[in-house]
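Trainee: below is the sequence, then the predicted model.
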Amino acid sequence: MVYKSVIEMIGNTPLLDISEHLEEECARLVVKLEMFNPGGSIKDRPALAMIEAAERAGNLKPGMTIVEPTAGNTGIGLALVGNLKGYRTVFFVPDRMSREKILAMRLYGAEVHLVPKELGMAQCIELARSYCEEHGNCFMTQQFENPANPNQAESHLGPEVYEQLGRYPDGMTVGAGTGGTFTGLARWLKKNNPNGICWLVEPKGSIFGGGPRGSYLVEGIGNSFYPQVLDMDLADHVATIADTDSFAACKFIAHKMGLIVGGSAGANFHAAKQLCRQLGPGKTVLTVFPDNMERYYSKDWVAELVED
Ligand SMILES: Cc1ncc(COP(=O)(O)O)c(C=O)c1O
């Protein structure tokens, strides 16, 4: 197939069986390789879905500006799709996010405002709202509230897995930032396999599992509040993973699987190993690798991981 636009290349990512990297007496483990999306992450999917839903509803029209608070990957997806469709893009990003992500957004043509990390994502949301009020002719995608965010995981990501795997998994471990991917995939799984076990993955320091708020280095997952799109009722368990375990998993994945993945992929794999042990042989677990580590090369933790 010859594509006519990079937008057409979003989704349809490969599914890889990584069961050989588990201990014996474990379930089968398959992973959706989301870094193969053209913007380099799983967030290309909701970016496209939110833009097209807004266009269909008449809320986003030519000449308007797309505004969003983002941890980076959504911004990259929105900048990529938005720019190709002719919209201006403006983002509010916590300054702890990697330089690589910010550079990518700017290369696509976005205007990026950095927000001190102490103020958190909640403040990025407030600043984005104020920008829209002040400038007008703006559309805020609002990934934390926009139903198109979880809906695309339910209607596209899940069905892709079924098509590739030929069955519904028995469990899944999926990291949550907005919770869009987790909620959509969990809805899809529980609808098609009511016994499906859904583990939400977060870094230690995120509050989804009820733990105290703290700082963490893994990017893209975890939060200091419960986003509207996140349906916690679908989570059978919250796996809270320490940065050290996520990063050790990244190193293992690079050595053993030939994939240089970001920290949230490491967290998802660490949790998946536990669920595969719990479910045992004959069952199948699904996880996702949301992006690549190349997106974080300027971070100290990457240099430390290489030296270690
Ligand atoms: C690297 C990475 N992993 C996981 C996620 C989580 O995705 P969601 O917002 O669907 O919870 C994100 C979201 O930005 C991300 O950037």
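Mentor: Structure received.
Trainee: how about the residue in the stretch 201-308 of the chain positioned nearest to the ligand: what's its closest non-neighbour residue?
Mentor: Residue nearest to the ligand within the stretch 201-308 of the chain: Gly220 (2.3 Å; C-beta to the nearest ligand atom). (C-beta placed from N, C-alpha, C; glycine too.) Setting aside the residues directly before and after it, Gly220 is nearest to Ser264 in space (C-beta to C-beta, 6 or more residues apart in numbering), at 4.7 Å.
Trainee: Ser206 is in contact with the one you found, correct?
Mentor: No: assessed by C-beta atoms under 8 Å, Ser264 is found out of contact with Ser206, at 11.3 Å.
Trainee: so what sits against both of these two?
Mentor: Ile221 (C-beta atoms under 8 Å, 6 or more residues apart in numbering).
Trainee: rewinding a little: give me the pLDDT value at the residue of the stretch 201-308 of the chain closest to the ligand.
Mentor: Per-residue confidence (pLDDT) for Gly220: 90.
Trainee: hang on, the earlier thing: export the host helix or strand of the residue nearest to Gly220 to CSV, keeping only CA atoms.
Mentor: Take DSSP states H and E as the rule and Ser264 turns out to sit in helix 263-279. C-alpha atoms of helix 263-279 as CSV (Å, rounded to 0.1, in the frame of the first residue of the first chain):
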residue,chain,number,x,y,z
GLY,A,263,10.0,4.4,31.0
SER,A,264,6.2,3.8,30.8
ALA,A,265,6.9,0.7,28.6
GLY,A,266,9.2,-0.6,31.3
ALA,A,267,6.5,-0.1,34.0
ASN,A,268,3.9,-1.9,31.8
PHE,A,269,6.3,-4.8,31.3
HIS,A,270,7.2,-5.0,35.0
ALA,A,271,3.5,-5.2,35.9
ALA,A,272,2.7,-7.6,33.0
LYS,A,273,5.3,-10.1,34.3
GLN,A,274,3.4,-10.2,37.6
LEU,A,275,0.0,-10.6,36.0
CYS,A,276,1.4,-13.4,33.7
ARG,A,277,2.6,-15.3,36.8
GLN,A,278,-0.7,-14.8,38.4
LEU,A,279,-2.8,-16.0,35.5
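Trainee: quick one: contacts for the residue in the stretch 1-150 of the chain that the ligand sits nearest to?
Mentor: Residue nearest to the ligand within the stretch 1-150 of the chain: Asn73 (3.4 Å; C-beta to the nearest ligand atom). Residues in contact with Asn73 (C-beta under 8 Å, 6+ apart) are Gly39, Gly40, Ser41, Ile42, Lys43, Lys101, Gly220, Pro290, Asp291, Arg295.
Trainee: likewise for Gly120?
Mentor: Counted by C-beta under 8 Å, 6+ apart, Gly120 has contacts Pro94, Ser224.
Trainee: one more time with 6 Å
Mentor: Counting by C-beta atoms under 6 Å, 6 or more residues apart in numbering, Gly120 touches Ser224.
Trainee: what mean pLDDT does the host helix or strand of it get?
Mentor: When elements are assigned from DSSP H and E, Gly120 belongs to helix 120-135. Mean per-residue pLDDT for helix 120-135: 91.
Trainee: helices or strands up against the following helix or strand past it?
Mentor: For helix 120-135, the succeeding helix or strand toward the C-terminus, using DSSP H and E, is strand 138-140. Helices and strands touching strand 138-140, by 3 or more C-beta pairs under 6 Å, 6 or more residues apart in numbering; DSSP states H and E, are strand 65-69, helix 120-135.
Trainee: re the thing from before, show me which of Ser264 and Ser206 is the more surrounded one.
Mentor: Ser264 (31 against 24; other C-beta atoms under 10 Å).
Trainee: isn't the more buried one right up against Ala176?
Mentor: No: the criterion here is C-beta atoms under 6 Å, and Ser264 misses it with Ala176 at 9.6 Å.
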